[in-house]
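Peer 1: After the sequence you'll find the predicted model.
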Amino acid sequence: MVDPRRLVPRTDTVLGAPELADALAAYGREAVKAAVGVAQERVRAGSIAPNEVVNATLTALSPAATLRPVINATGVLVHTNLGRAALSEAARVAVVEAAGSTDVEFDLATGARARRGRGALAALAAAVPDAEAVHVVNNNAAALLLCALVLAPGREIVLSRGELVEIGDGFRIPELLASTGARLREVGTTNRTSLADYRGALGPDTGFVLKVHPSNFQVTGFTATVPVPELAGLGVPVVVDIGSGLLRPHPLLPDEPDASTMLRDGAALVTASGDKLLGGPQAGLIVGQKDLVEKLRRQPSARALRVDKLTLAALEATLTGPTVPVVRALELTADELRPRAERLAKALADKGIDASVVACASAVGGGGAPGVELPSWAVSLPEPYAAALRQATTPVVGYVRHGRCLLDLRTVEPAEDAAVEQAVLSLR
């Protein structure tokens with residue numbers, strides 16, 4: 001019989017296999033070499049055949065989690081199904097560094113317990129100087145839940161019928177608030193609500209007035225809403241859910257409410273998402289009056305809603321670091337995108353692929369800035385590429401329009417252009 005050791009493929013031969021090229025680039029030679037060694041031992045033990053070493057190596061290198069990185073070519077900046085905001089490089093580094101033991105609740109100078117997440121809280125306070133105090137929970141729905149638990153237990157929350165919104169996956173704001181034991185007092189109609197409607201609903205049982213930005217839809221035509229400055233004059237706390245996480249006004253989104261403006265207009269508390277236009281991790285941001293924020297922070301349920309050290313690290317890095325991917329994508333001009341689309345389309349066409357360049361429109365997404373279209377450019381491919389690219393080694397997610405697969409480059413980082421090209425070419 002042939003000695004099994006003679007059947008084991010040489011290490012340098014396996015490392016030179018084309019199938020391992022991506023793995024070498026992603027994990028480095030030493031890590032891949034170690035995985036090859038494990039596979040070779042399995043050949044010696046007779047558990048796999050010699051020709052299975054490459055596949056066994058790739059399997060050993062596969063991530064433990066089932067979540068797969070994808071390239072977002074949908075043109076939707078904040079794509080909920082793709083994880084909303086892509087973290088900045090600074091935030092990614094911060095998450096990795098915080099993965100071990102950290103001083104998240106520890107003062108290294110005194111050796112005593114310290115305020116949890118003080119760095120992230122300080123960064124948020126600096127980003128919204130109009131806020132007297134800030135707090136962070138695990139998402140914006142949790143922020144609203146905490147406001148209801150503290151300000152309206154067994155009391156009424158006054159809310160316009162035009163703002164009784166569904167926030168996704170069947171969850172609805174009214175049901176969320178009612179689950180706290182608060183009662184909703186609906187005012188106005190679907191399309192028109194006046195200050196008199198709010199004033200007529202106030203009474204001794206009023207906990208607060210809630211204004212929810214209808215961020216994922218628009219009502220046009222014969223409409224009327226009451227701005228925050230007028231609501232602030234009613235004599236009860238006004239809580240504003242801006243949703244999208246815009247902390248300051250942005251010139252490209254003039255109609256999108258921001259936390260700083262809402263506070264200056266008289267809101268007692270403002271809640272927002274951290275993983276939308278802010279471009280950070282999933283989190284619920286609460287900013288506003290010091291006494292109210294402190295009550296929220298000390299409410300027993302705040303413990304159940306708190307964020308972990310990885311979120312705190314990513315949030316702080318997002319707030320203090322360079323421009324995040326969401327904002328970069330928002331601020332790209334069509335003139336900047338077109339040359340990239342033309343280069344990619346030409347590279348594919350030169351290889352015999354039916355690729356062209358087409359104008360398209362991107363969207364903010366994530367329930368932010370509904371109706372706002374951002375002129376963009378896409379690479380157009382035959383429709384079957386849409387499904388095939390989702391199954392590529394590095395999945396590329398585009399969309400189908402008029403029988404063509406479009407890859408909108410607004411949401412593709414320039415460094416990902418080569419990966420998109422390789423993914424398309426791999427399908428020939």
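Peer 2: Okay, I see it. Numbers count the residues shown, from 1 in each chain.
Peer 1: what helix or strand is the residue nearest to residue 426 when sequence neighbours are not counted on?
Peer 2: Excluding its sequence neighbours, the residue lying closest to residue 426 (CB to CB, 6 or more residues apart in numbering) is residue 392, at 6.2 Å. For the C-beta atoms, the positions are set from N, CA and C on the backbone; glycine is no exception. According to DSSP states H and E, residue 392 maps onto no helix or strand at all.
Peer 1: how about the helices in the stretch 151-300 of the chain?
Peer 2: Along the stretch 151-300 of the chain, counting by DSSP state H, counting those that start in this stretch, helices occupy 173-178, 195-201, 228-232, 259-264, 290-298.
Peer 1: Redo those helices as CSV? Include mean pLDDT.
Peer 2: Conversion of the helices of the stretch 151-300 of the chain to CSV gives the following (pLDDT from 0 to 100):
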stretch, mean pLDDT
helix 173-178, 90
helix 195-201, 97
helix 228-232, 97
helix 259-264, 98
helix 290-298, 97
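Peer 1: Give me whichever of these is most buried.
Peer 2: helix 259-264 (a mean of 22; mean count of other CB atoms under 10 Å).
Peer 1: what number of residues lie near the residue nearest to residue 426?
Peer 2: Using other CB atoms under 10 Å, residue 392 has 18 other residues around it.
Peer 1: Can you name the residues that contact it?
Peer 2: The neighbours of residue 392, taking CB atoms under 8 Å, 6 or more residues apart in numbering as the test, are 423, 426-427.
Peer 1: Tell me where the model's unsure across this protein.
Peer 2: Residues of the chain that meet the criterion pLDDT under 70 lie in 1-5, 64-65, 215-216.
Peer 1: And the biggest strand by length in it, what's buried?
Peer 2: The strand that spans the most residues within the chain, counting by DSSP state E, is strand 368-382. By neighbour count, with 16 or more other CB atoms under 10 Å as the criterion, the buried positions of strand 368-382 are 368-370, 372, 374, 376-381.
Peer 1: Save the contacts of residue 392 as TSV, and put in neighbour count, distance to residue 224 and secondary structure too.
Peer 2: As requested, the contacts of residue 392 are arranged in TSV below (neighbours: other CB atoms under 10 Å; distance: CB to CB, whole Å; DSSP: H, G, I helix; E, B strand; the rest coil):
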residue	neighbour count	distance to residue 224	secondary structure
423	23	49	helix
426	12	55	coil
427	13	53	coil
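Peer 1: In TSV: those residues, plus distance to residue 195.
Peer 2: Putting the contacts of residue 392 into TSV (distance: CB to CB, whole Å) gives the following:
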residue	distance to residue 195
423	55
426	60
427	59
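Peer 1: Could you confirm residue 407 falls within a strand?
Peer 2: Yes: remark: residue 407 belongs to a strand, assigned using DSSP: H, G, I helix; E, B strand; the rest coil.
Peer 1: Roughly how far does it sit from residue 394?
Peer 2: From residue 407 across to residue 394, the span is 13 Å (CB to CB, to the nearest Å).
Peer 1: Equivalent analysis for residue 327, please.
Peer 2: Spatial separation of residue 327 from residue 394 under the definition CB to CB is 24 Å.
Peer 1: what do you get for residue 165?
Peer 2: The spacing between residue 165 and residue 394, counted by CB to CB, is 36 Å.
Peer 1: Who has more neighbours out of the two?
Peer 2: Taking residue 165 and residue 394 together and counting by other CB under 10 Å, residue 165 has the greater number of neighbours (20 against 17).
Peer 1: Surely the more buried one and residue 211 touch.
Peer 2: No: the pair residue 165 and residue 211 does not pass the contact test of CB atoms under 8 Å, sitting 11.5 Å apart.
Peer 1: Find the residues that touch each one of those two.
Peer 2: Taking CB under 8 Å, 6+ apart as the contact rule, residue 165 and residue 211 touch no residue in common.
Peer 1: Contacts only, for residue 273.
Peer 2: Taking CB under 8 Å, 6+ apart as the contact definition, residue 273 lies against 139-140, 243-245, 282-285, 366.
Peer 1: How far off centre is stretch 205-215?
Peer 2: Shown here is stretch 205-215, whose average C-alpha point lies 25 Å from the average C-alpha point of the whole chain (CA atoms, centre = their mean, to the nearest Å).
Peer 1: what comes up buried for it?
Peer 2: Using 16+ other CB under 10 Å as the burial criterion, the residues of stretch 205-215 that qualify are 206-215.
Peer 1: Stretch 67-76 now?
Peer 2: Buried residues in stretch 67-76, counting neighbours by 16+ other CB under 10 Å, are found at 70-76.
Peer 1: same check, this time on stretch 241-251
Peer 2: Of the residues in stretch 241-251, those scored as buried under the neighbour-count criterion (16+ other CB under 10 Å) are 241-247.
Peer 1: how far is that stretch from where the chain is centred?
Peer 2: Its chain's C-alpha centre and that of stretch 241-251 lie 14 Å apart, by CA atoms, centre = their mean.
Peer 1: Give me the residues contacting that stretch.
Peer 2: Contacts to stretch 241-251, defined as CB under 8 Å, 6+ apart, come from residues 78, 127-128, 140, 143-144, 173, 210-213, 215, 253, 256-262, 270-280, 285, 330, 364, 366-369.
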